[in-house]
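>>> Task: produce atomic coordinates for the following.
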Amino acid sequence: MQSSLVTGRYESAVYDSADCVTYRNKGVKATYTFNLKLGSQQDKTSCMWMCGVRGQNCYDHSITLWQQTQLAAEAAYDRSDNCSFTSFIGYEWTGNPMDGLKVQNLHRNVLFANAVVPERPFDYLSTPYPEQLWNKLSAQCKDLDTGGENCDVLTIPHNSNMSNGLMFADSGQIDASYAQKRALYEPLVEVVQHKGSSECQIGGSDEQCGFEYVPYGDLGGGVLGFENPPKDKSFVRHALKEGLAFKQNLGGNPFKYGMIGSTDTHIGAAGNVKESTYQGNGGAFKTGEPAEVLLEPTEQQLQMYIEQHAGQYQLSPRLSFEQLYFSNADNPDDAHWKNIAYQLNDGSVDSASLGDSSLMPREMKRVDRKAIAKFFGHEFADKVEGLSPGQWQGSIKSAVGYHLVKVTAKFPAELPQVKQVYNQVLIAWQQSQRDQFYRHYLQKMRQQYFVQVEGGDSIVALITAWWGRASVLLILKRLLQL
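Here you go, the predicted structure:
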């Protein structure tokens, strides 16, 4: 909305203001300046100063921009018999309500089915709650009787993984009416794009949950570098499960989703993802850095990263062993066990002919103490670790009986190969590359500015009142590290 005010020289009285000059110069500073309002808490949204009373100036100018968007969509639409390209009129409802320094992503793509659209788009600053957005779209789109082709629209949430749990949150306001309305407007969810996968939380039984996993749970984590791991309820699988419960209790399912994937690179070139020419993502933050920093790492690079961070990845000592289980043994004397072990070791008795059946494995290969204790108990694991390899020995008591054990091999503590910890080390490597890249870039930016603050105490007091003392100290600490 604000862009037509700050770029239209002959129409706008604010064209030469400092904020408008910053906007036209583009870059990171412009992005932060004009996106700051999108981080307003949902009950405290307002437009920037140049928009005038209640933002009316910006809303009036947004109509012009919206018309330009419609014309661009029509120009791109191939309505010939070839039908080579289909375009949709749409925009992003960009809400980032902040909780301290946590930038909670609530973004939704708003897509219209045809050229019958509302007079202007409804943005986060005027409709800060998704329910308000749907109500506006209902009143000025779906419920309109145009006498011809009707207005139809979808809102598609994306990057729930960075919503800090807010995208699918149950605030206590989900009733049958809400469930029905959300299902009507949001039958789709964008489950993967350049800011990571939103399908499922890492750490469960499904190893595929590590695919494109981003290790921070809000939009601010990757920039400011503080830890805020994603919440379980930020992921689509969690929402699908919750939706079934709502269906049973309310008769309606607000989270009944089909799934799509997109790029969302913000560079206006959908599908331009060929590695050899890829220019990165986040067009507003383009910095001229080489594209190589954004490519996938080689196996050699990941192995080097493992070696450089050995303390994080070193595997504990491991061993391989066989065991024979005796369920009915009543703690016979040592001579009894030594006699059986002797016969096993000299080959006069085959181990396959001895021992009772059980659910415990007769052989375990290259396992650590934790894995052994899982089946046999901690006392058993401790004693097996102390055995020398190559001979049957015992007896060793477990929680369920007595065992003869033969350690076949021992392996010292070692670093894993890449394939053993691929998802874990890939995520860590990518985050280290981002951190290094942004440190370098922000250092260069800082060298271009000299900052003198007048009335600094009052400014710090204002920021502290808004974000809290802890958040301010974290920002200062982060800046001092650059």
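>>> contacts, neighbours, all on C-alpha from now
Fine.
>>> Is Gln208 in a helix, a strand, or coil?
helix (DSSP: H, G, I helix; E, B strand; the rest coil).
>>> how far away is it from Gly196?
13 Å (Cα to Cα, to the nearest Å).
>>> Those two: which has the busier surroundings?
Gly196 (18 against 15; other Cα atoms under 10 Å).
>>> how about the nearest residue to the more buried one, chain neighbours excluded?
Sequence neighbours aside, Glu212 is the residue nearest to Gly196 in space, at 5.0 Å (criterion: Cα to Cα, 6 or more residues apart in numbering).
>>> residues contacting that neighbour?
Counting by Cα atoms under 8 Å, 6 or more residues apart in numbering, Glu212 touches Val192, Gly196, Ser197.
>>> buried stuff in the lengthiest helix in the chain?
In the chain, assigned by DSSP state H, the helix with the most residues is helix 422-446. Of the residues in helix 422-446, Asn423, Val425, Leu426, Ile427, Ala428, Trp429, Gln430, Gln431, Arg434, Asp435, Tyr438, Arg439 count as buried by neighbour count, 16 or more other Cα atoms under 10 Å.
>>> Look up the pLDDT of the residue of the chain positioned farthest from its centre for me, please.
In the chain, the residue that sits farthest from the middle, by Cα atoms, centre = their mean, is Ala335; the gap is 60.5 Å. Turning to Ala335, the model gives it a pLDDT of 77.
>>> so the residue nearest to Gly196 is in which element?
For Glu212, there is no host helix or strand (DSSP states H and E).
>>> pLDDT value on it, please?
Value listed for Glu212 in the pLDDT field: 86.
>>> That one and Gly394, how far apart?
Glu212 is 48 Å from Gly394, by Cα to Cα.
>>> give me every residue that touches Ser351.
Leu324, Leu344 are the contacts of Ser351 under Cα under 8 Å, 6+ apart.
>>> Could you list the low-pLDDT ranges of the stretch 301-450 of the chain?
328-333, 438, 441-442, 444-446, 448-450 (pLDDT under 70).
>>> If we use 80, what do you get?
By pLDDT under 80, the low-scoring segments of the stretch 301-450 of the chain are 327-335, 399, 423, 427, 430-431, 433-450.
>>> Now do the strands in it.
318-326, 363-367, 392-397, 402-411 (DSSP state E, counting those that start in this stretch).
>>> Put together CSV for these, with distance to Gly90 and mean neighbour count on each row.
Listed next are the strands of the stretch 301-450 of the chain as CSV, based on distance: least, Cα to Cα, whole Å; neighbours: other Cα atoms under 10 Å:
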stretch, distance to Gly90, mean neighbour count
strand 318-326, 57, 21
strand 363-367, 55, 15
strand 392-397, 69, 22
strand 402-411, 59, 20
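>>> Looking at those strands, which is nearest to Val53?
Among those, strand 363-367 comes nearest to Val53, with 68.8 Å by Cα to Cα.
>>> How about residues contacting that closest one?
Under Cα under 8 Å, 6+ apart, the answer for strand 363-367 is Arg318, Leu319, Ser320, Phe321, Glu322, Gln323, Lys410, Phe411.
>>> what angle do that strand and strand 318-326 make?
160 degrees (axes from the mean of the first three to the mean of the last three Cα atoms, to 10 degrees).
>>> quick one: strand 363-367 to strand 402-411, angle?
40 degrees.
>>> if we can go back for a sec, for the contacts of strand 363-367, which two are the farthest from each other?
Gln323 and Phe411, at 18.3 Å, using Cα to Cα across these.
>>> Trp429 versus the residue farthest from the centre of the chain, what's the distance?
Ala335 is 56 Å from Trp429, by Cα to Cα.
>>> Next: Lys256.
For Lys256, the distance to Trp429 equals 35 Å [Cα to Cα].
>>> And Glu299, by the same measure?
11 Å.
>>> Ok, Asp81 next?
Taking Cα to Cα as the measure, Asp81 falls 48 Å from Trp429.
>>> The contacts of Glu212 into JSON lines, with extra columns for secondary structure?
Compiled in JSON lines, the contacts of Glu212 are given as follows (three-state DSSP):
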{"residue": "Val192", "secondary structure": "strand"}
{"residue": "Gly196", "secondary structure": "strand"}
{"residue": "Ser197", "secondary structure": "strand"}
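>>> Tabulate those (CSV), appending pLDDT and distance to Leu244.
Putting the contacts of Glu212 into CSV (pLDDT from 0 to 100; distance: Cα to Cα, whole Å) gives the following:
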residue, pLDDT, distance to Leu244
Val192, 91, 22
Gly196, 89, 25
Ser197, 92, 22
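>>> which one of the buried residues of helix 422-446 is nearest Leu65?
Nearest member of the buried residues of helix 422-446 to Leu65, counting by Cα to Cα, is Tyr438, at 32.6 Å.
>>> Which strands or helices does the one helix or strand Gln67 maps to pack on?
Here Gln67 sits within helix 56-76, counting by DSSP H and E. Secondary-structure packing of helix 56-76 (3 or more Cα pairs under 8 Å, 6 or more residues apart in numbering; DSSP states H and E): helix 2-7.
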